[in-house]
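J.: Got a sequence here, can you model it:
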Amino acid sequence: MTNDEDATLYETLRRDILNGVFAPGDPLRLSVLSERYKVSATPLREALSRLEEKRLVVAQRNRGWQVAPVSLDELEDIAAARLALEEVMTAEAIALGDLDWETGIVAAFHRLTQTDPGPDGGDQAARMAWRQAHDAFHRALLASVRSERLRQSYGDLIEEMQRYHDVTIYAPHPVVPAEEALSEVHSLKEHEALRDAFLARETTRAQRLMRRHVSHTLDVYRSATREDPKKDRTARETTTERMRP
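T.: Below is the predicted model of the structure:
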């Protein structure tokens, strides 16, 4: 495979994990992946090793790779990193944003309002389209930040948290029933408030809204696992259960 093909395989596998095609704890057997993606084992090993560095995949001795399990500890770590980045990036984005930046925010919000996630989030294609519009809106808010590395790190954290949205709400055995959380996840009011705060250059208000928005997934997951600690333990032990002979 060429370097471009290797990169495409890595991105495809990464996207499938983040989009829930492979659930937390699912075994990633080379024979199955080779058939699915029509590639040999060598580039798959390279892609999986890179994904292990990103903490999306874990390797177990004599058992190969599997999708990284989820846990409250990891979600809290992801949320803390995202909140820290957003605090700094929000201030810089508002300070540096120009007319093109403002136009990008307005356009991204309009696309979000016109993207239907489906009545219950059960349609995967509709859910993925909504997610892309949602993530594009958040990236547009911070697009005027100078550092490309910061923007890339921020995009990675958005996608990692999105995996928890899926596990919490959409998985075959979700942490909480979808109907309890979908109204918040798909709420346009919060996104509209974010749009208005950024366009009005109200830095303190924008930072506060960003914190509240990010905290929703964390609060839902934390509440559910506090009520039933077995749920979080089960999420962390999914790999062991699925790989057991």
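J.: Read off the pLDDT value for residue 170.
T.: Predicted confidence (pLDDT) for residue 170: 58.
J.: low-scoring stretches of this structure, by residue?
T.: Within the chain, the segments meeting pLDDT under 70 span 1-6, 118-122, 168-186, 223-245.
J.: Show me the strands in it, by range?
T.: Ranges of strands within the chain are 27-28, 57-60, 64-67, based on DSSP state E.
J.: Need the winner for burial among those.
T.: Counting by mean count of other Cβ atoms under 10 Å, strand 64-67 has the highest mean neighbour count of those, with a mean of 21. Just so you know, the C-beta spots here come from the backbone N, C-alpha and C atoms, and that holds for glycine as well.
J.: hey, C-alpha coordinates of it in PDB?
T.: Taking Å, rounded to 0.1, in the frame of the first residue of the first chain, the C-alpha atoms of strand 64-67 are listed here in PDB:
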ATOM      1  CA  GLY A  64      -4.700  -9.100  19.500                       C
ATOM      2  CA  TRP A  65      -6.500  -5.800  19.500                       C
ATOM      3  CA  GLN A  66      -9.900  -4.600  20.600                       C
ATOM      4  CA  VAL A  67     -11.700  -1.300  20.700                       C
END
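J.: hmm, back to that, can you tell which of the strands of the chain is closest to residue 91?
T.: If you check each of these against residue 91 by Cβ to Cβ, strand 57-60 wins as the nearest, at 34.6 Å.
J.: Is it correct that residue 143 is in contact with residue 98?
T.: No - between residue 143 and residue 98 there is no contact, the gap being 10.4 Å when judged by Cβ atoms under 8 Å.
J.: quick one on the thing from earlier: adding distance to residue 211, write the strands of the chain out as a markdown table.
T.: Listed next are the strands of the chain as a markdown table, based on distance: least, Cβ to Cβ, whole Å:
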| stretch | distance to residue 211 |
| --- | --- |
| strand 27-28 | 35 |
| strand 57-60 | 30 |
| strand 64-67 | 29 |
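J.: Which of these sits closest to residue 155?
T.: strand 57-60 (18.8 Å).
J.: strand partners of that closest one, parallel vs antiparallel please.
T.: Applying DSSP bridges, strand 57-60 is found paired with strand 64-67 (antiparallel).
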